[in-house]
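K.L.:
Fold the stuff below for me.
(one chain, ligands or ions: 2)
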Amino acid sequence: MEKSVALNEWQSRKNRMVINRFHAFIHGAALAALFYYRITSITAIAKTSKPILPHLLIFGAEFVLSFHWVLSQGSKWNPISRTACPERLPADDDLPSLDVFVCTTDPVKEPSLGVMNTVISAMALDYPPQKLHLYLSDDGGSPVTFRAVKEAWGFAKLWIPFCRKYMVKNRCPHAYFFTEQTGDHQFLLEKTHIQKAYEDFQISLAKIAASTDSHVSRDHQPIIEVINDGDEMDKDPHMPLLVYVAREKRPFHPHHFKAGALNVLLRVSALISNSPYILVLDCDMYCNDPKSARQAMCFHLDSKLSPLAFVQFPQRFYTICDKDIYDGEFRYAWDKWEGLNGLKGPIMCGTGFYIKREALYGTQQLHKNVDTIKCFGSSKEFVNSVYTHSKPNYPCDNVLQKEMQFLASCSYDNGTKWGEQVGFRYFAVAEDFLTGLMLHCEGWKSVYYESSRARPGFLGASPDNLGDVLVQQSRWSVGLNQVAFSKYSPLVYGILKMPILQTMCYAEIAFYTISFLPLYILALLPQISLLRGIHLYPQVSSPFFFVFVFLFISSQAKHLQEVLVMGYRMRTWITEQRMWMIRSFTSYFYGNMNTIMDKIGLRKASFLPTNKAVDEAAAELYQKGMYNFEAPPLFMVPMCTLYMINMGSFVAGIARVLHAEKGKGMLIESSIPLFGMIIHLPLLQGMVVRKDKGRVPTNVSVVSLLLSSIVVGFAAFAT
Ligand SMILES: O=c1ccn([C@@H]2O[C@H](COP(=O)(O)OP(=O)(O)O[C@H]3O[C@H](CO)[C@@H](O)[C@H](O)[C@H]3O)[C@@H](O)[C@H]2O)c(=O)[nH]1
Ligand SMILES: [Mn+2]
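P.N.:
Ligands and ions are numbered 1, 2, ... in the order given. A predicted model of the protein is given here:
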């Protein structure tokens with residue numbers, strides 16, 4: 001009986017679970033054999049005069065990779081999928097109200113048209129309009145964005161009724177007009193009218209961008225404005241509320257990037273709508289399924305899931321082309337998130353999640369007798385809103401406006417618990433990861449949900465060229481490292497507060513980027529050893545040879561199985577490995593260096609927003625599935641140098657294997673560079689064959705050739 005009225009259901013992914021556990025057992029046993037081999041052989045070598053360092057290094061690499069593997073078992077243990085049943089929700093009048101937060105920061109890197117499409121798509125969510133409130137945070141404090149949002153309001157007044165009338169499924173105007181629509185005469189008439197209005201809207205945004213100063217201000221007053229037709233008393237009941245917020249910014253005053261912006265929205269919205277639930281969106285991630293809000297409520301309103309902090313939808317992208325050469329899909333992430341569904345729930349990922357306001361205010365603070373000013377700051381109105389869930393009445397009078405300005409001022413946070421225990425956390429530039437971690441540690445749960453792959457809840461833009469991808473990944477790397485090597489490290493902070501499997505998942509992600517260490521070792525050491533005739537691996541005649549071969553096949557086969565089970569093709573299997581290596585050699589390496597510099601105070605970690613403006617030439621290459629190697633040399637040189645070293649060592653090593661007695665039986669040593677060369681064939685093409693704009697720049701190739709010759713020459717001929 002109870003099951004039939006449940007707002008949501010779940011299903012164990014039994015097959016996957018059985019395969020995962022079985023594989024964990026076998027692969028784990030093989031790893032144990034590898035460890036046995038390494039420990040015994042290193043002890044034996046220690047007793048001779050042979051160099052021991054290469055063996056220790058390769059064992060170090062294997063140790064780190066095994067550590068990752070062990071951690072990754074957390075999310076494979078109990079995968080479950082969830083279903084929402086929005087048709088069983090209470091009537092609209094009984095639904096809780098919802099605030100939507102959209103963040104933008106730079107009208108040049110984040111063109112207004114994209115931002116406004118996100119805003120409009122969220123205003124058009126299938127949710128009672130009087131219960132929907134949209135807040136746009138403009139971190140650039142730019143008149144371009146301010147003027148654009150007013151235009152967006154004008155267009156939304158036509159668009160929203162049209163969507164409701166014809167039950168439009170795709171409520172992001174840009175995406176809607178991109179596809180062909182059919183219907184009866186009346187519909188087509190209205191559609192043509194709206195389309196014309198959208199074209200005018202586009203033209204006016206372009207005019208604004210051309211005629212307005214697009215400079216991003218770091219020194220300005222807070223600006224908070226409810227966008228409407230000028231008559232504040234006359235709120236249209238069919239339109240959601242739209243509020244523009246630019247928090248105060250002053251030079252030399254830390255603003256804590258996106259987390260700081262979201263916290264200002266939390267405070268300001270508390271005085272206007274104070275909705276118990278909040279949807280957080282990046283400016284480039286539009287609502288693709290208007291039903292997502294109702295779907296999320298199916299979990300939030302289910303007391304069996306309590307205490308539920310947030311419902312995370314996957315980040316899906318409309319920009320990804322068929323070949324997905326940069327591995328922009330993050331397939332492996334969503335696989336893990338589903339695995340986490342069977343534990344305490346997924347990690348927060350910055351956008352596309354519906355969160356309970358109360359979770360962000362911190363449960364402890366709400367239940368204990370704490371000094372509210374120390375905790376939430378000195379606004380009485382705000383503290384009131386926290387404890388009584390009340391809100392002062394709309395419209396904004398002058399007193400309210402003043403209070404909101406105070407809440408959006410840059411020093412409001414000082415000396416309070418904001419960013420530490422309240423709101424989005426400031427400690428790391430990956431504010432999403434850290435905030436989610438702390439919520440789980442406080443005992444909150446989360447849910448991962450996707451209604452269908454065919455119509456994802458949200459769609460965003462992902463970078464379409466190598467340079468942007470690697471810059472973005474470097475920032476994530478810094479953000480994750482900041483957490484991994486701090487007092488909040490999941491292995492220290494989390495292990496006492498979360499179940500072990502959940503802790504393992506957090507640790508896996510937090511320590512994800514140290515893969516640069518084993519990968520650099522594996523890309524250099526066997527190659528050098530091959531050139532020098534040092535045996536790092538067992539020979540074919542040894543039974544342990546088969547342990548290594550088994551481990552290689554077993555990990556490849558498991559990866560392939562996961563790719564195929566999720567409905568992807570073989571190609572994804574290769575791309576994911578290629579991109580994992582590329583990211584490790586570049587972004588993760590620099591990210592780790594940056595973290596070290598951050599720790600010793602040489603360079604502050606910062607949040608450089610990802611570029612969202614379209615570069616036509618780059619986009620064309622991407623669509624053709626060709627890598628754009630015109631990335632910063634800092635990224636390209638290590639990759640090309642490593643490739644050449646592998647090629648050099650393979651050629652010289654093979655010659656050695658064939659001719660010299662010393663090189664006999666170095667099958668694994670010579671297979672490793674071969675594997676690297678095959679996986680990264682596109683890089684070779686970029687250096688040698690390609691003539692187009694995206695080829696590897698000549699100067700990069702020359703520098704890399706020089707560097708690799710030094711390494712190979714030194715390895716082969718030094719005594
Ligand atoms: O000082 C800042 C910097 C960024 N943003 C906004 O933050 C969002 C995310 O920035 P983006 O450059 O798109 O970063 P991504 O790398 O694409 O973001 C991913 O990674 C971030 C953490 O590193 C998360 O916050 C994001 O939600 C997640 O999508 C955008 O809407 C920005 O406008 C601000 O509001 N203020
Ligand atoms: Mn983004």
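K.L.:
Pull the number of nearby residues for the residue of the stretch 301-450 of the chain found nearest ligand 1.
P.N.:
Closest to ligand 1 within the stretch 301-450 of the chain is Gly350: 1.9 Å, counting by C-beta to the nearest ligand atom. All C-beta atoms are positioned from the backbone trio N, CA, C, and that covers glycine. Residues lying near Gly350 (other C-beta atoms under 10 Å) number 22.
K.L.:
shouldn't it be in contact with Asp432?
P.N.:
Yes - the pair Gly350 and Asp432 passes the contact test of C-beta atoms under 8 Å, sitting 3.8 Å apart.
K.L.:
List the residues that contact Ala557.
P.N.:
With C-beta atoms under 8 Å, 6 or more residues apart in numbering as the criterion, no residue contacts Ala557.
K.L.:
distance of it from Gly377?
P.N.:
55 Å (C-beta to C-beta, to the nearest Å).
K.L.:
before we move on, what about Phe25?
P.N.:
Taking C-beta to C-beta, one finds Phe25 at 53 Å from Gly377.
K.L.:
of those two, who's got more company?
P.N.:
The neighbour comparison of Phe25 against Gly377 (other C-beta under 10 Å) goes to Gly377, with 22 against 9.
K.L.:
so the more buried one makes contact with Ser411?
P.N.:
No - using C-beta under 8 Å as the test, Gly377 is too far from Ser411 to be in contact (9.7 Å).
K.L.:
Return every residue with contacts to both of these two.
P.N.:
What both Gly377 and Ser411 touch, as defined by C-beta under 8 Å, 6+ apart, is an empty set.
K.L.:
rewinding a little: list the contacts for the residue of the stretch 301-450 of the chain closest to ligand 1?
P.N.:
Contacts of Gly350 (C-beta under 8 Å, 6+ apart): Lys258, Val280, Asp282, Gln315, Glu431, Asp432.
K.L.:
so which of these are also by ligand 2?
P.N.:
Among the contacts of Gly350, the ones lying near ligand 2 by C-beta under 5 Å from the ion are Asp282.
K.L.:
Looking at the contacts of Gly350, which is nearest ligand 2?
P.N.:
Asp282 (4.7 Å; C-beta to the ion).
K.L.:
Give the burial count for that closest one, as a bare number.
P.N.:
23.
K.L.:
got it, and Ser303?
P.N.:
8.
K.L.:
likewise Leu525?
P.N.:
Applying other C-beta under 10 Å, we find 21 residues neighbouring Leu525.
K.L.:
distance between stretch 517-526 and the chain's centre?
P.N.:
27 Å (C-alpha atoms, centre = their mean, to the nearest Å).
K.L.:
brain fart, stretch 624-642
P.N.:
That offset, for stretch 624-642, works out to 22 Å (C-alpha atoms, centre = their mean).
K.L.:
Over to stretch 543-563?
P.N.:
Using C-alpha atoms, centre = their mean, the offset of stretch 543-563 from its chain centre is 29 Å.
K.L.:
Check stretch 132-146 too.
P.N.:
Relative to where its chain is centred, stretch 132-146 has its mean C-alpha point 23 Å off (C-alpha atoms, centre = their mean).
K.L.:
ok, which residues in the protein are in contact with ligand 1?
P.N.:
Residues of the chain lying close to ligand 1 (C-beta under 6 Å from any ligand atom) are 103-105, 110, 137, 139, 257-258, 261, 282-284, 350-351, 429-432, 472, 475-476, 479, 607, 609-610.
K.L.:
Just those residues: which are in strands?
P.N.:
Cys103, Thr104, Ser137, Asp282 (DSSP state E).
K.L.:
Pick the one among those closest to Leu501.
P.N.:
Asp282 (29.3 Å; C-beta to C-beta).
K.L.:
Across the sheet, point out what pairs with the closest one.
P.N.:
Cys103 (DSSP bridges).
K.L.:
Go ahead and confirm it touches Phe353.
P.N.:
No - using C-beta under 8 Å, Asp282 is not in contact with Phe353; the gap is 11.0 Å.
K.L.:
which residues sit in contact with Val245?
P.N.:
Tyr135, Leu136, Ser137, Asp138, Pro222, Ile223, Ile224, Val264, Leu265, Val268, Ala408.
K.L.:
I'd assumed it was in a strand, is it?
P.N.:
Yes - under DSSP: H, G, I helix; E, B strand; the rest coil, Val245 falls within a strand.
K.L.:
so what's it bridging to?
P.N.:
Beta-bridge partners of Val245, counted by DSSP bridges, are Ser137, Ile224.
K.L.:
got it, and Asp99?
P.N.:
His133, Ile278.
K.L.:
ok, it to ligand 2 distance?
P.N.:
From Asp99 over to ligand 2 the distance is 21 Å, taken as C-beta to the ion, to the nearest Å.
K.L.:
Show the average pLDDT along stretch 83-101.
P.N.:
In this model, stretch 83-101 carries a mean pLDDT of 96.
K.L.:
and if you look at stretch 356-370?
P.N.:
77.
K.L.:
what do you get for stretch 296-316?
P.N.:
Here the average pLDDT along stretch 296-316 is 97.
K.L.:
next one: stretch 555-569
P.N.:
96.
K.L.:
and it, how far from the chain's centre?
P.N.:
21 Å.
K.L.:
Please apply the same query to stretch 612-632.
P.N.:
That offset, for stretch 612-632, works out to 21 Å (C-alpha atoms, centre = their mean).
K.L.:
Kindly check the end-to-end length of that stretch for me.
P.N.:
18 Å (C-alpha to C-alpha, to the nearest Å).
K.L.:
which parts of it are buried?
P.N.:
Lys612, Ala618, Leu621, Tyr622, Met626, Tyr627, Asn628, Phe629, Glu630, Ala631 (16 or more other C-beta atoms under 10 Å).
K.L.:
By neighbour count, which of the contacts of Gly350 wins?
P.N.:
Neighbour max across the contacts of Gly350 (other C-beta under 10 Å) = Glu431, 26 neighbours.
K.L.:
Would you mind giving the contacts of Val245 as JSON lines with distance to Ala296 added?
P.N.:
Formatted as JSON lines, the contacts of Val245 follow (distance: C-beta to C-beta, whole Å):
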{"residue": "Tyr135", "distance to Ala296": "18"}
{"residue": "Leu136", "distance to Ala296": "20"}
{"residue": "Ser137", "distance to Ala296": "21"}
{"residue": "Asp138", "distance to Ala296": "26"}
{"residue": "Pro222", "distance to Ala296": "30"}
{"residue": "Ile223", "distance to Ala296": "30"}
{"residue": "Ile224", "distance to Ala296": "27"}
{"residue": "Val264", "distance to Ala296": "23"}
{"residue": "Leu265", "distance to Ala296": "18"}
{"residue": "Val268", "distance to Ala296": "22"}
{"residue": "Ala408", "distance to Ala296": "27"}
